[in-house]
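The following comprises the amino acid sequence and a computationally predicted model.
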Number of protein chains: 2
Amino acid sequence: MARKAAIIGGGVIGGGWAARFLLNGWNVSVFDPDPQAERKIGEVMANARASLPALSDVPLPPEGKLSFAGSITEAVEAAEYIQESVSERLELKHRIFAQIQQSSHGVPIGSSTSGFKPSELQQGAADPSTIFVAHPFNPVYLLPLAEVVPSVKSDPQLIENAKTILREIGMFPLHVRKEIDAHIADRFLEAVWREALWLVKDGVATTEEIDEAIRMGFGLRWGQMGLFETYRVAGGEAGMKHFMAQFGPCLTWPWTKLMDVPEFTDDLVDLIAGQSDAQSGHHTIRELERIRDGNLVGFLRVLKDRDWGAGKVLKDHDKMLEANLPAPKAEAMVMAHMQVLPGWIDYNGHMTESRYLFAGSETCDNFLRLIGADMDYVKGGHSYYTAETHIMHLGEAKLGDRLIGSVQVLSADEKRIHTFMRIQKGDEVVATLEQMLLHVDMKAGKTCPASPAVLAKLLPIAEAHKDLPRPDAAGRHVGQRK
Amino acid sequence: MARKAAIIGGGVIGGGWAARFLLNGWNVSVFDPDPQAERKIGEVMANARASLPALSDVPLPPEGKLSFAGSITEAVEAAEYIQESVSERLELKHRIFAQIQQSSHGVPIGSSTSGFKPSELQQGAADPSTIFVAHPFNPVYLLPLAEVVPSVKSDPQLIENAKTILREIGMFPLHVRKEIDAHIADRFLEAVWREALWLVKDGVATTEEIDEAIRMGFGLRWGQMGLFETYRVAGGEAGMKHFMAQFGPCLTWPWTKLMDVPEFTDDLVDLIAGQSDAQSGHHTIRELERIRDGNLVGFLRVLKDRDWGAGKVLKDHDKMLEANLPAPKAEAMVMAHMQVLPGWIDYNGHMTESRYLFAGSETCDNFLRLIGADMDYVKGGHSYYTAETHIMHLGEAKLGDRLIGSVQVLSADEKRIHTFMRIQKGDEVVATLEQMLLHVDMKAGKTCPASPAVLAKLLPIAEAHKDLPRPDAAGRHVGQRK
């Protein structure tokens, strides 16, 4: 039985929360009186379905059920987690919390507020202990950060439970220990925003020039290390103290105009909106969203491959998903679900050929993990190496296609596994890969028998697959007549 | 004859400039009285050699010659570009410019200053018109941004020439039209740094928590879109005006402490240095540099694959490199130079098997481009598709290995190319790939003869390769006895 989350407020942020819960198998009930809410959530869901599954190397659970509630009471009924994402008006939030707490007791109520402190949110509440800040970042379905801010009135155990739920939907709950206006990240965003407004207003730079100054330089640094770790490296072997000694004196130089707030006139709004149109107006917002999401998926996959930063969060999430997978059966086994990402296609608009082997490797790696030839096994000095591969390119995968990879074991003995893998788009086989894997003693650099534990899992599968029809493409050489 | 650049000041920044010029084929003369300069530059060069070539899909020219000059006069002799990267002391910079201009006339003199305006740098100079700001970002050999800031006394043509040189070494010169303290990007860095110091000082967050707040959220956004484009998307279909209407009122809220500057006491320095040690002290600075560089190469490759942001700069740089390549000869042709990056290795520490096919694809793509089956050709509706591939896994490539990919044409006719590619680590062949490529009419979805122009390039190569020894592995099927 799927768990239920209630989403109060269904804009871009509420929709992002809904998407995270739904794609991680939760049922979601949304309350939003806006007649456009269903359409808006649908658009966020389309973006999320096209990007979030690509972050996972483990099949996601079946998508949860999305429903729209006619009242807050209906939305929160039987919900295990409640997230509020309405406009930044304190009295509105207070009213919503009061309605929630008329029928829901002891359930975590996270608020997406970017500015209010939890103690402000809790004012006048029937039960202040369940209300806290869970501040996400757009796009909520891709960026892992959620600033979790409790107040002194919060229930510490409830906060820990909420953090566990956030991790289960792939997020990184950053526990902010002292409540403060705008929490942590938005204080930085506010500072940069103010300074940027001055630069535009004073004619120093356009919106486009400012964006280039960010994304061609320090923006790339900040996606993988933050401020302090970046500067620690910049300080060289002498480290952080050395860096601070260099930077320290500049602190008193009048480099920023942050002591003052620019007046928010119509002229300034028009100036910025006009420059922004000139910069980005040739793309629709939907196009920009898809470009952004593709870029973010690419960055996150890089970090996952490198086991660093946000990539570690993705790996931990995979482990949680894996623990809940059903046991595999002895038949041609679906071992991988993939989606063709923007970076996977070539100038023909098709999946590049190396991605077919990549898809095969993903499938094979998951199979090896299944039979116990996993990370720990490799650490023990043994592994399977691929000796030879034959690929048939039979069809075309295109951007957005969902692919599955399955394994048929043609034969196996103590030292070898002869596999045949199919990469399929629905029922259409787009490629097959025949491989010979050799079990090796990595230190000695030569083949040796696999461990009894691995063979105990592998050989029964090979036995069961013995009677499966032998694929036509098995045993082919390049250029052979059909 | 290689062109020459003079680098005055050989620290982390000067070393980064030297690396960019050297790896793009310029000779570099460094002047730095520090007896450690040679070691320091050597360390930066090692990092740069391990990362910068991985950004390019076109062979870089042979590395230029690095020399260390005993005087400024010697360093700048015959230099076509001069970059100053000494400490941020104005009178020191003035002295250096005076020495340079005693012997060098009319050559661009860029300054790496992060704080001074060009008019300040030009004070008292024999020729103010050649001195300007060219402010890079660490690591200089990977991040494309260079803020180019002239003053009213600058020679506009000299500034344009300098921007062309910066593009030739792979950078993105951002022309800052109005001089201002700290140019553009460092004003943002200063603002964030100040706010971060307050948060640490007030005990709201540690250095690690602040870094997570950046790199798990908005840092990822800023590597691919800047501030304004990100917010434009956040505003939804209503666009920038709508976003500003939402954000506007917050401007007057007291969210930041930027109106005030934290006192830079020993206690604060110790607090931050101690937290930074706890956060990152388990890595040496050299390790962190390599981790950072690997992450940045990954991000930049993602953006290049997606033809977006900094990735466009890399593509433009490839085109410049390609225009200068020597004409190919009719023999087994080296078509690609690659390096095994951190993201290319598996848990065995070896290059993942799909990367062997990736290396083959890179090699093949460059070959196809060479015979004229390039992007424009594909836009015209024709392309070569890979029908079949056979791979022999013969050796192991490991992290940091430099690989070359060569093409031997086994046979070719109007519709087909039968190739044999070798992926080599020095003289050792680590993999071979045999492929059948079919020329297709993409609209009709069937094979057809290649264009006369393509065949005019392809068939002479096939003819010349006819007499090359036929590789043993050609024609093999998986599992065949040797």
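Nice, thanks for sending it over.

List the contacts of A:V28.
When contacts are counted by C-beta atoms under 8 Å, 6 or more residues apart in numbering or on different chains, A:V28 is found next to A:4-7, A:18, A:21-22, A:64-67. C-beta coordinates here come from the backbone N, C-alpha and C atoms, glycine included.

Give me the subset of those lying in helices.
Here DSSP state H is the test, and those give A:18, A:21-22 as lying in helices.

Please identify the helix or strand for A:L296.
helix A:285-305 (DSSP states H and E).

no no, A:L410
Assignment of secondary structure by DSSP H and E places A:L410 within strand A:402-412.

ends of stretch A:100-119, how far apart?
End-to-end distance of stretch A:100-119: 17 Å, with C-alpha to C-alpha, to the nearest Å as the criterion.

all strands for chain A, in order.
Along chain A, counting by DSSP state E, strands occupy A:4-8, A:27-31, A:66-68, A:81-84, A:109-111, A:131-136, A:145-149, A:172-175, A:333-339, A:382-393, A:402-412, A:416-425, A:428-441, A:446-447.

Send me the first one as PDB with only the CA atoms.
Backbone C-alpha positions of strand A:4-8 (Å, rounded to 0.1, in the frame of the first residue of the first chain) are rendered in PDB as follows:
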ATOM      1  CA  LYS A   4       0.300   9.400   0.900                       C
ATOM      2  CA  ALA A   5       1.700  12.900   0.900                       C
ATOM      3  CA  ALA A   6      -0.500  16.100   0.900                       C
ATOM      4  CA  ILE A   7       0.600  19.100  -1.200                       C
ATOM      5  CA  ILE A   8      -1.100  22.400  -0.200                       C
END
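
Paired strands for it, with orientation please.
Pairing partners of strand A:4-8, with direction, according to DSSP bridges: strand A:27-31 (parallel), strand A:81-84 (parallel).

Just name the most buried of these.
Greatest average neighbour count among the strands paired with strand A:4-8 goes to strand A:81-84 (a mean of 27), per mean count of other C-beta atoms under 10 Å in any protein chain shown.

which outside residues touch that one?
A:3, A:5-9, A:14, A:17, A:21, A:76, A:93, A:96-97, A:100, A:104, A:107-112, A:134, A:162, A:165.

Break chain A down into its structural domains.
The record's domain parsing of chain A by automatic domain parsing lists A:4-175, A:185-282, A:327-465.

Can you add distance to B:Q435 and give those back as CSV?
Converted to CSV, these look like this (distance: least, C-beta to C-beta, whole Å):
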stretch, distance to B:Q435
domain A:4-175, 28
domain A:185-282, 35
domain A:327-465, 9
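
Lowest average pLDDT across those?
In terms of mean pLDDT, the lowest-scoring of these is domain A:185-282 (a mean of 80).

okay, now the closest residue to A:N324 other than its chain neighbours: neighbour count?
In space, not counting the residues next to it along the chain, A:N324 is nearest to A:P61; the distance is 6.8 Å by C-beta to C-beta, 6 or more residues apart in numbering or on different chains. Under the neighbour criterion other C-beta atoms under 10 Å in any protein chain shown, A:P61 is assigned a count of 14.

Just give me the neighbour total for the nearest residue to A:E396 once chain neighbours are set aside.
Distance criterion C-beta to C-beta, 6+ apart; nearest residue to A:E396, sequence neighbours excluded, is A:H350 at 4.9 Å. A:H350 is surrounded by 22 other residues when neighbours are defined as other C-beta under 10 Å.

got the contact list for A:H350?
Contact analysis of A:H350 by C-beta under 8 Å, 6+ apart lists A:396-398.

A:R416: neighbouring residues, count only.
Other residues within reach of A:R416 by the criterion other C-beta under 10 Å amount to 16.

shouldn't A:F188 be in contact with B:G217?
No. Taking C-beta atoms under 8 Å as the contact criterion, A:F188 and B:G217 are not neighbours in contact, 9.9 Å apart.

Between these two, point out the one with more neighbours.
Neighbours per residue, other C-beta under 10 Å: of A:F188 and B:G217, the larger number sits with B:G217, 29 against 26.

Just the closest of the ones in helices among the contacts of A:V28 to chain B, please.
Taking C-beta to the nearest C-beta as the measure, chain B lies nearest A:A18 of those, at 16.0 Å.

What residues does the stretch 301-450 of chain A have near chain B?
A:301-303, A:305-306, A:308-310, A:313, A:342-343, A:346-348, A:352-358, A:360-361, A:375, A:378, A:383, A:385-393, A:418, A:434-436, A:442 (C-beta under 8 Å from any C-beta of the partner chain).

which helices and strands sit right next to the helix holding A:L296?
Using 3 or more C-beta pairs under 8 Å, 6 or more residues apart in numbering or on different chains; DSSP states H and E, the elements in contact with helix A:285-305 are helix A:37-49, helix A:310-323, helix B:219-222, helix B:227-234, helix B:285-305.

Quick one: neighbours of the closest residue to chain B within the stretch 301-450 of chain A, just the number.
In the stretch 301-450 of chain A, the residue that lies nearest chain B is A:V302 (3.3 Å; C-beta to the nearest C-beta). A total of 27 residues lie near A:V302 under the criterion other C-beta under 10 Å.

wait, it sits on B:L303?
No. Contact between A:V302 and B:L303 fails when scored by C-beta under 8 Å: they sit 10.4 Å apart.

and the nearest residue to A:G124 once chain neighbours are set aside, what is it in contact with?
On the basis of C-beta to C-beta, 6+ apart, the spatially nearest residue to A:G124 that is not a chain neighbour turns out to be A:H94, at 5.9 Å. Contacts for A:H94 were tallied using C-beta under 8 Å, 6+ apart; they are A:121, A:123-125.

PyMOL command for the buried members of these?
Selecting the buried subset of the contacts of A:H94 in PyMOL, with 16 or more other C-beta atoms under 10 Å in any protein chain shown as the burial test, is done by:
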select buried, chain A and resi 121+125
